[in-house]
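> next one to model:
(chains A and B)
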Amino acid sequence: MVKTLSALCLLLVGVAAQAETPQRIGETYTAEAAARQAGFTPSAKRGETLFRQRFANNDRMPACTSCHTDSPLNPGQHVVTGKAIRPLAVATNGQRFGDPAKVEKWFGRNCREVIARDCTPAEKADFVAYRSEAR
Amino acid sequence: MKRIAITLLLGAALPALADRVPLPANAPAAYQAECGACHMAYQPALLPANDWRRTIAALNDHFGTDATVDGPAGQEIARFLERNAGNAGKLGSAGEPPRISQTARFVRKHRDIPAKYWKDPRIKSAANCEACHRGAADGNYGEHDILIRELRR
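Here you go, the predicted structure:
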């Protein structure tokens, strides 16, 4: 009985880990940000500002828009390799923000590549809000 | 008569075979997820083992990008590429740093492509195989199946 129960629990945890939603991922970043800054609430508007901001770090990709285009709803194209990139917005790409490890990995790589530093939990929460709300 | 037909068939099939470079079925999922996110998951046979080794060893500066793959996934990808690498004698030197598009074979196969096409926004880069080769991801680089009409044979 105990064995069956624990197997069931493991199964449930497994299912939960695979079926993360943009909302849940946003909440995790929001909680992290709130721990650093009391009363933090995510803002899609700030997320959009970050998305469009040009940085002086990388000539080939000065902004997120370099590869992801000006509209979150559109497919993008890698500015160097030309590879097609599926849209970032949840509205046009249901697979976005569904896997926390993947989201973390790409924030890590892209923030360092474009901004030359890691993004803060607050920036990530704002960004997820922006991409979830974009219509 | 039958023999002639077989010879003709073989003659037609051989060039096509040479342009078929399928991705081995045992490709680790990490290869597609890590390498195939920014560019096509190139078939390992497109580069000799020694050039894959040098590419993997320098992933922290991979054509200007930090493409480091840590841990078991990195080792798994390295093993896969080296084990299924291409024939150095047939591919020729890939330059420094090694590039598939610099191998003698690639250069020879693409020597008739006018320079303006490489800069075409639809193509953008020699790294973008799929812009012209519709079946590139499946390892089909036949010159009849080219997406850009002007370049089709």
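
> what about the helices in chain B?
With DSSP state H as the criterion, chain B has helices at B:2-18, B:29-30, B:49-57, B:71-83, B:88-91, B:104-109, B:115-119.

> next helix or strand past the helix or strand bottoming out on mean pLDDT in chain A?
The helix or strand of chain A with the lowest confidence, counting by mean pLDDT, DSSP states H and E, is helix A:2-18 at a mean of 50. Next helix or strand after helix A:2-18 toward the C-terminus (DSSP states H and E): helix A:22-36.

> neighbouring contacts of the helix or strand just after that following helix?
Downstream of helix A:22-36, the next assigned helix or strand under DSSP H and E is helix A:44-52. Contacts with helix A:44-52, where a contact means Cβ atoms under 8 Å, 6 or more residues apart in numbering or on different chains, come from A:63-65, A:68, A:70, A:72, A:123, A:126-134. All C-beta atoms are positioned from the backbone trio N, CA, C, and that covers glycine.

> got the angle for helix A:44-52 vs helix A:22-36?
Angle of helix A:44-52 versus helix A:22-36, following axes from the mean of the first three to the mean of the last three Cα atoms, to 10 degrees, is 90 degrees.

> out of the contacts of helix A:44-52, which comes closest to chain B?
residue A:68 (13.0 Å; Cβ to the nearest Cβ).

> tell me the confidence at the closest one?
On pLDDT, residue A:68 comes in at 96.

> show me what contacts residue A:30?
Going by Cβ under 8 Å, 6+ apart, residue A:30 touches A:40, A:41, A:42, A:121, A:125.

> swap in residue B:109?
Contacts of residue B:109 by Cβ under 8 Å, 6+ apart are residue B:141.

> against residue B:92, how distant is it?
11 Å (Cβ to Cβ, to the nearest Å).

> now swap in residue A:55 and tell me
In terms of Cβ to Cβ, residue A:55 sits 40 Å off from residue B:92.

> how about residue B:136?
From residue B:136 to residue B:92 the distance is 20 Å (Cβ to Cβ).

> residues near the closest residue to residue B:98 other than its chain neighbours, how many?
Spatially, and ignoring its direct neighbours in sequence, residue B:98 is nearest to residue B:51 (3.6 Å; Cβ to Cβ, 6 or more residues apart in numbering or on different chains). Neighbour count of residue B:51, defined by other Cβ atoms under 10 Å in any protein chain shown: 25.

> for residue B:51, what are its contacts?
B:85, B:94, B:98.

> would JSON lines of those residues with neighbour count be doable?
Output for those, formatted as JSON lines (neighbours: other Cβ atoms under 10 Å in any protein chain shown):
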{"residue": "B:85", "neighbour count": "20"}
{"residue": "B:94", "neighbour count": "25"}
{"residue": "B:98", "neighbour count": "18"}
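
> many thanks, have a good one.
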